[in-house]
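[1] Fold the following.
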Amino acid sequence: MDPRSGFCKSNSVFYSKRNPTPLPPNQYLDVTTFISSKAHHGKVAFIDAATGRHVTFSEHWLAVDSVASCLSDMGIRKGHVILLLSPNSILFPIVCFAVMSLGAVITTTNPLNTHREIAMQIADSKPVLVFTVSKLVQKIVGFELPIVLLDDPETIPREVKILTSLQEMIKREPNGSRVRDRVNQDDTATLLYSSGTTGTSKGVISSHGNYIAMIETFAARFKTEDTFICTVPMFHIYGLAAFIMALHALGSTIVILSRFNMHGLLSAVSTYKATCLPIVPPVVVAMVNDADKIKSKYDLSSLRSILCGGSPLSKEVIEGFLNKYPTVDILQGYALTESTGTGASTNTAEESRKYGSVGILTANSEAKIVDPETGKALSVNRMGELWLRSPSIMKGYFSNLEATTTTLDSEGWLRTGDLCYIDEDGFLFIVDRLKELIKYKGFQVPPAELEALLLSHPEISDAAVIPFPDKEVGQYPMAYVVRKPGSDDLSEIAVMDFVAKQVAPYKRIRRVAFVASIPKTPSGKILRKDLIKLATSKL
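    Model (predicted):
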């Protein structure tokens, strides 16, 4: 193996240059027990940024035990799926840990999702119980699922069955003799819904062992008990893996924003003396552009580093940030839901100066760069599809053998769908996406879902959705639409409104062009590259 790049000529595999991290040999170990047994000196676990309400580590774990006891008495057992529909909250982690401690499975969903989108996930995952907040109850009306409220009941429809509230469950004395099924590291812990590599939403099966491996790699990166601001959604793999699990295991304090806005974010850094701030590229750009105003209004002196994911930062943005905030390091990363939040990262300011790169492969990881046409594994500085293999790679897609076998091969390699190369120093560069996903502010938008929705419109005969580049959000969905004969009055606004009523805000169509036909291959596949070229030719 070349020690500089990590590339092995004999098998064309790139090996991580990070020091390997040991994994617990005990196979009968759930992630809740693993995290709760970690030794650290942390005192405050979670803080609500808006109210200042906080939960200490001891209070948190007592609450987890109480909620687990109640769930056990309700008949929740290993393998049962529990839906969690909630904005970020200091209560969110309590539910996750309690459910997983029983061997039950957490499935989360975006609070912005519509009733239709949530219905699709419920039909697929078949949860037996829902945790949610009062203002979101309306989104699960009609599913006849028992509900536990995370807050006090407000106006709840009569037909909704409210079992109890989380606060009532927390008040209960933990039952040490409750029924607990034996949980194996290979058992399913979470079922998060990802767009995958084919553009349709699928449940990603992540095991307790996947999360344990992920936590150990985080421990190698962050060794101090820092204070983090959680700006990313906890229903997403980034929020769940990093903030609810890994950083919590290290004894860090997590300051939680229920929703993102720049004022709330920067105020939280100032108020709680945060040391680390995870954000996405558009926020970095905003911090550079408004640096003078920000520094005059907010005290950011405690901030030591920002963690940026979603897409690589350019040299200009990194240098602009370091010029405006010289005492703050920029650390970057690359991960997928399918890799349980691991992949590659820059762990030092010096590594982040490898401009355009998302970093070095995570500890215990292997990679191949594979030619999409020939299937041949390529060497250093050759561009192809990134394949990953590590202890954090998912078990597969829930109830979808076809999608699993096309994404995971028999040797455990995950085909990421990302076009990449690894340079002579072992740094990973993301060039493009083979998978047809649109990245809007870090959210993944599957074109296939929006196209299916457009085709349900009575005045549309054909449609294609592409990513349109935007400096503020990264990309947004643009639709090419073919009107049915006699539907010449169908307007751009009408098309956008039709979609907006049925999808979460980040999935909305924000530009429409009407065409006579959609370019396609002989087999009927949309030629998106042609449409992207057409859309961007006038920029």
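
[2] just for the stretch 201-350 of the chain, where's the confidence low?
    Of all residues in the stretch 201-350 of the chain, those with pLDDT under 70 make up the ranges 223, 310-311.

[3] quick one, strands of it?
    202-207, 227-230, 253-256, 276-279, 305-308, 329-335, 343-345 (DSSP state E, counting those that start in this stretch).

[4] Out of the ones you listed, flag the one nearest residue 153.
    strand 253-256 (22.5 Å; CB to CB). From N, CA and C alone the C-beta is placed, and that goes for glycine too.

[5] list the helices and strands the closest one packs on?
    If you count contacts as 3 or more CB pairs under 8 Å, 6 or more residues apart in numbering; DSSP states H and E, strand 253-256 packs onto strand 44-48, strand 227-230, helix 262-272.

[6] now with 10 Å?
    Where contact means 3 or more CB pairs under 10 Å, 6 or more residues apart in numbering; DSSP states H and E, strand 253-256 is packed against strand 44-48, strand 54-56, helix 92-101, strand 227-230, helix 247-249, helix 262-272.

[7] want to throw those into CSV with distance to residue 121 and mean neighbour count?
    Compiled in CSV, these are given as follows (distance: least, CB to CB, whole Å; neighbours: other CB atoms under 10 Å):
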stretch, distance to residue 121, mean neighbour count
strand 44-48, 26, 21
strand 54-56, 28, 18
helix 92-101, 16, 26
strand 227-230, 23, 25
helix 247-249, 26, 24
helix 262-272, 28, 18
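
[8] I'd like these as TSV, with distance to residue 407 appended.
    TSV is the format used below for the helices and strands packed on strand 253-256 (distance: least, CB to CB, whole Å):
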stretch	distance to residue 407
strand 44-48	34
strand 54-56	38
helix 92-101	24
strand 227-230	29
helix 247-249	28
helix 262-272	34
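
[9] Ok, which of these comes nearest residue 18?
    Taking the helices and strands packed on strand 253-256 one by one with CB to CB, helix 247-249 is closest: 18.3 Å.

[10] Who are the packing partners of the closest one?
    helix 31-36, strand 44-48, helix 208-221, strand 227-230, strand 253-256.

[11] For residue 486, find the nearest of these.
    Closest among the helices and strands packed on helix 247-249, once you apply CB to CB, is strand 227-230, at 51.6 Å.

[12] Packing partners of the closest one?
    strand 44-48, helix 247-249, strand 253-256, helix 262-272, strand 276-279.

[13] contacting residues around the residue of the chain most remote from its centre?
    Within the chain, residue 486 marks the point farthest from the mean C-alpha position, 43.0 Å out by CA atoms, centre = their mean. Under the criterion of CB atoms under 10 Å, 6 or more residues apart in numbering, the neighbours of residue 486 are residue 459.

[14] Help me confirm that it is found in a strand?
    No: remark: residue 486 does not belong to a strand; assigned using DSSP: H, G, I helix; E, B strand; the rest coil, it is coil.

[15] I'd like to know how far it sits from residue 114.
    Taking CB to CB, to the nearest Å as the measure, residue 486 falls 30 Å from residue 114.

[16] now residue 395: how far from residue 465?
    Residue 395 is 30 Å from residue 465, by CB to CB.

[17] Over to residue 420?
    Going from residue 420 to residue 465 by CB to CB gives 24 Å.

[18] So which of the two has more stuff around it?
    Applying other CB atoms under 10 Å to residue 420 and residue 465 shows that residue 465 carries more neighbours, namely 29 against 23.

[19] my guess is that one meets residue 440, correct?
    No: contact status for residue 465 versus residue 440: not in contact, 11.9 Å apart, counting by CB atoms under 10 Å.

[20] Now do the shared contacts for these two.
    Contacts common to residue 465 and residue 440, judged by CB under 10 Å, 6+ apart, are 477, 507.

[21] Is it correct that residue 489 is in contact with residue 483?
    Yes: taking contacts as CB under 10 Å, residue 489 lies within contact range of residue 483: 8.9 Å.

[22] which neighbours do these two share?
    Listed as contacting both residue 489 and residue 483 by CB under 10 Å, 6+ apart are residue 459.

[23] which of the two has more neighbours?
    residue 483 (18 against 8).

[24] In a markdown table: the helices and strands packed on strand 227-230, plus distance to residue 388.
    Listed next are the helices and strands packed on strand 227-230 as a markdown table, based on distance: least, CB to CB, whole Å:
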| stretch | distance to residue 388 |
| --- | --- |
| strand 44-48 | 31 |
| helix 247-249 | 22 |
| strand 253-256 | 27 |
| helix 262-272 | 31 |
| strand 276-279 | 21 |
